[in-house]
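Q: Predicted model and sequence follow; I will ask about them next.
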Amino acid sequence: MNIVEKENIEQTFKGLEACQQQFRGLIWEDCHFEKCDFSESSFHNCRFLDCQFNNCNLANINPTNSSFRNCTFNNSKIIGVNWSSIANHPTFTFTECLLNYAVFTGLNLPKSSFENCKMVEADFSESNLQHASFQSSNLDNTNFNNADLRHADFQNATNYTINPLFTKIAHAKFSLPEAMSLLSTFNIKLS
C-alpha cells in the first residue's frame, strides 16, 4: 500500500521506513506508529488526530502547516524539529522522548506534557505553557524567555535556567535543589 496516495489514513504501522519522504494534505486519524522511521521527511498541510508514536524516529521532520490534536509520543527521537511552523493549537504528550534542539517558539501549549524527556537547547520562548508538565526532564540550555509557565510542573526536572524577571512562573511547581537556579538571575551569593 502506498500511503502517499491515500487521503485519509487510519491504521497501525509497524517498522515503516519512510525517511526523506514528502507527505502532502494527508489526514492521519487514530493511527499507531510503532518503530517507524520518518526522519527528515516533510509533512505539508497534514493533520494528525489522536495518533500515537512509539519508539519512532522523527528526527529533523518538517511539519509545515500541519496540525496535531491529541498526539502522544513515547520513547521517540524527535530532535531538531521546528514545531513553531505547525497550524492551529497542538495538544501534545511527550514521554521519555529525545527532543534536543526542538523549537516550540510562540506556540499555545497549555496542559501539554513533556515528562522524562531530554530537551537540550530546546526553545519555548514566547509560548503559553500554563499547566504544562516537565516532570523529571533534562532541560539543559532550554530557553523559556517570555513564556507563560504559570501552574507548570517542573518537579524533579534538571538543568533548567528560567529567568523569573522575563517569565511568568506564578504557582509553578519546582523541586529542591534545582529550584535554586531561579535565583541565578539576581546575581546573589548563597551560603
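A: Perfect, I can see it now.

Q: how about residue 48, secondary structure?
A: strand (DSSP: H, G, I helix; E, B strand; the rest coil).

Q: Could you report the distance from it to residue 103?
A: According to Cβ to Cβ, to the nearest Å, residue 48 and residue 103 sit 18 Å apart. Where you see a C-beta, it was placed from the backbone N, CA and C, and this is true even at glycine.

Q: likewise residue 126?
A: Applying Cβ to Cβ, the value for residue 126 to residue 103 is 11 Å.

Q: CA-only coordinates of stretch 152-171, as PDB, when you get a sec.
A: Taking C-alpha atoms only, stretch 152-171 is exported to PDB below (Å, rounded to 0.1, in the frame of the first residue of the first chain):
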ATOM      1  CA  ALA A 152       3.600  24.400  35.200                       C
ATOM      2  CA  ASP A 153       5.200  21.400  36.900                       C
ATOM      3  CA  PHE A 154       9.000  21.200  37.000                       C
ATOM      4  CA  GLN A 155       9.200  18.700  39.800                       C
ATOM      5  CA  ASN A 156      12.400  16.600  39.500                       C
ATOM      6  CA  ALA A 157      13.300  18.400  36.300                       C
ATOM      7  CA  THR A 158      17.000  19.200  36.000                       C
ATOM      8  CA  ASN A 159      19.400  21.700  34.400                       C
ATOM      9  CA  TYR A 160      16.800  24.400  33.700                       C
ATOM     10  CA  THR A 161      17.500  28.100  33.700                       C
ATOM     11  CA  ILE A 162      14.400  30.200  34.000                       C
ATOM     12  CA  ASN A 163      14.600  34.000  34.400                       C
ATOM     13  CA  PRO A 164      11.700  34.900  36.700                       C
ATOM     14  CA  LEU A 165      12.000  38.600  35.500                       C
ATOM     15  CA  PHE A 166      11.100  37.600  32.000                       C
ATOM     16  CA  THR A 167       8.900  34.600  32.500                       C
ATOM     17  CA  LYS A 168       5.500  34.200  34.200                       C
ATOM     18  CA  ILE A 169       6.100  31.400  36.900                       C
ATOM     19  CA  ALA A 170       3.300  32.100  39.500                       C
ATOM     20  CA  HIS A 171       2.100  28.800  41.100                       C
END
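
Q: residues of it that come out buried?
A: By neighbour count on 16 or more other Cβ atoms under 10 Å, the buried set for stretch 152-171 is 152, 153, 154, 157, 158, 160, 162, 167, 168, 169.

Q: so who does the third one touch?
A: The reference is to residue 154. Residue 154 makes contacts with 134, 135, 160, 172, 173, 174, 175, 178, 179, as judged by Cβ atoms under 8 Å, 6 or more residues apart in numbering.

Q: Mind listing the residues bridging to it?
A: Residues in a beta bridge with residue 154, per DSSP bridges, are residue 174.
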